[in-house]
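Undergrad: Model the following, please.
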Amino acid sequence: MSWIEKGLGMQVRAIWAAAAVLIAGAAGAGLAQTASGPPAGYRTAIETIVREYILAHPEIIPEAMARLQSREVTRLLDTNRKEIETPFAGAVAGNPRGDVSVVVFFDYACPYCRQGHGDVLALAKADPQLRIVYRDFPVLSPASDEAAMASLSAAQQGKYAAFHNAMFEAPGRVAHERTIATVRAAGLDEMKTAKDLASPALKAEIRKNLDLGRALGLTGTPSYVIGNRILSGAVGVDALKAAVAEARSAKAAG
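TA: So this is what the prediction gives:
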């Protein structure tokens with residue numbers, strides 16, 4: 001069961017509980033608790049009032065769900081914050097001491113990630129205080145897995161940016177031949193990269209990224225974690241800027 005599915009059950013309970021608290025005061029003295037406990041029929045009466053109120057004001061349901069989901073996202077991010085924002089050595093761009101981290105979950109075989117790649121580059125260029133953390137998240141094909149492993153090898157060789165940019169900027173779908181061509185174009189050590197494609201340590205890093213994505217309820221790529229927000233899809237540079245501004249303001253407020 002995903003955190004979203006769990007959240008749905010919590011949302012229903014939260015709606016009823018919140019409504020009961022809000023409405024109980026309007027129930028009148030006849031429903032007030034006595035020193036010896038609630039009068040007979042108290043629960044039934046409150047449930048009737050809550051039900052009638054929700055039916056008369058259904059607009060409170062989306063608001064309650066949104067607030068609960070926001071709290072759940074914040075809790076999940078806080079729980080996994082260190083793992084999310086600590087990059088694989090070398091798989092980072094922008095300002096390593098930046099005040100806000102933009103964590104990008106991506107798949108080289110994803111066409112929307114290609115668009116998102118340009119957005120992230122533009123974002124980093126416009127904001128020198130950003131730290132970009134890249135998380136290879138191969139979910140589309142075996143070719144995605146191979147490209148992700150080559151990507152981490154590039155990070156170990158200190159040439160992550162060259163490989164990463166070339167993979168997204170070269171035309172054509174991701175395939176074994178294209179990955180090898182990019183390894184050569186980025187100036188990687190081909191023998192080391194070939195060995196790294198079977199590296200248990202790099203495979204463990206990929207598994208960790210996939211586990212993090214599942215824990216956060218990510219369903220596709222690209223996905224971004226910025227402050228206490230998760231953005232899914234090629235949302236565009238303006239949406240990313242807004243999330244960065246929100247994260248920066250929250251950090252300043254303490």
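Undergrad: And residue 191, how close does it get to residue 202?
TA: Between residue 191 and residue 202 the distance, using C-beta to C-beta, to the nearest Å, works out to 15 Å. (Glycine included, C-beta is placed from N, CA and C.)
Undergrad: can you map out the helices along the stretch 1-150 of the chain?
TA: 3-24, 42-56, 60-85, 111-126, 142-156 (DSSP state H, counting those that start in this stretch).
Undergrad: between residue 191 and residue 202, which one's more packed in?
TA: The residue with more neighbours, out of residue 191 and residue 202, is residue 202; 21 against 8, by other C-beta atoms under 10 Å.
Undergrad: Model confidence at the more buried one, what's the number?
TA: Predicted confidence (pLDDT) for residue 202: 97.
Undergrad: and if you look at the one 10 residues further on?
TA: The confidence metric pLDDT takes the value 90 at residue 212.
Undergrad: and if you look at residue 120?
TA: Here, the pLDDT recorded for residue 120 equals 97.
Undergrad: three-state assignment of residue 238?
TA: When the structure is split into helix, strand and coil by DSSP: H, G, I helix; E, B strand; the rest coil, residue 238 lands in helix.
Undergrad: Could you report the neighbour count for residue 237?
TA: Going by other C-beta under 10 Å, the residues that sit close to residue 237 add up to 16.
Undergrad: So it sits against residue 121, correct?
TA: No - under the criterion of C-beta atoms under 8 Å, residue 237 lies out of contact with residue 121, with a separation of 9.4 Å.
Undergrad: Go through the helices of the stretch 1-150 of the chain and find the least confident stretch.
TA: Taking the mean pLDDT of each of the helices of the stretch 1-150 of the chain, the lowest value is held by helix 3-24, a mean of 47.
Undergrad: looking at it, residue 168 is touching residue 117, isn't it?
TA: Yes - using C-beta under 8 Å, residue 168 makes contact with residue 117 at a distance of 4.2 Å.
Undergrad: where do the contact lists of these two overlap?
TA: With contacts taken as C-beta atoms under 8 Å, 6 or more residues apart in numbering, not a single residue reaches both residue 168 and residue 117.
Undergrad: Please enumerate the helices of the stretch 151-254 of the chain.
TA: Going by DSSP H, counting those that start in this stretch, the stretch 151-254 of the chain shows helices at 160-169, 176-185, 190-196, 200-215, 237-253.
Undergrad: What residues of the second one count as buried?
TA: Going back to what we said before, that points to helix 176-185. Under the neighbour-count criterion of 16 or more other C-beta atoms under 10 Å, helix 176-185 has 178-180, 182-183 buried.
Undergrad: Among the residues you listed, which pair sits farthest apart?
TA: Checking these against each other with C-beta to C-beta, the farthest-apart pair comes out as 178 and 183, at 9.8 Å.
Undergrad: picking up where we left off before, name the nearest of the buried residues of helix 176-185 relative to residue 83.
TA: The nearest member of the buried residues of helix 176-185 to residue 83, counting by C-beta to C-beta, is residue 179 at 26.8 Å.
Undergrad: Low-confidence regions, the stretch 101-250 of the chain specifically.
TA: Counting by pLDDT under 70, the stretch 101-250 of the chain shows no low-confidence range.
Undergrad: Quick check: residue 209 vs residue 83, distance?
TA: Taking C-beta to C-beta as the measure, residue 209 and residue 83 are separated by 10 Å.
Undergrad: measure the closest residue to residue 205 other than its chain neighbours to residue 120 for me?
TA: On the basis of C-beta to C-beta, 6 or more residues apart in numbering, the spatially nearest residue to residue 205 that is not a chain neighbour turns out to be residue 88, at 5.4 Å. When distances are taken as C-beta to C-beta, residue 88 and residue 120 turn out to be 17 Å apart.
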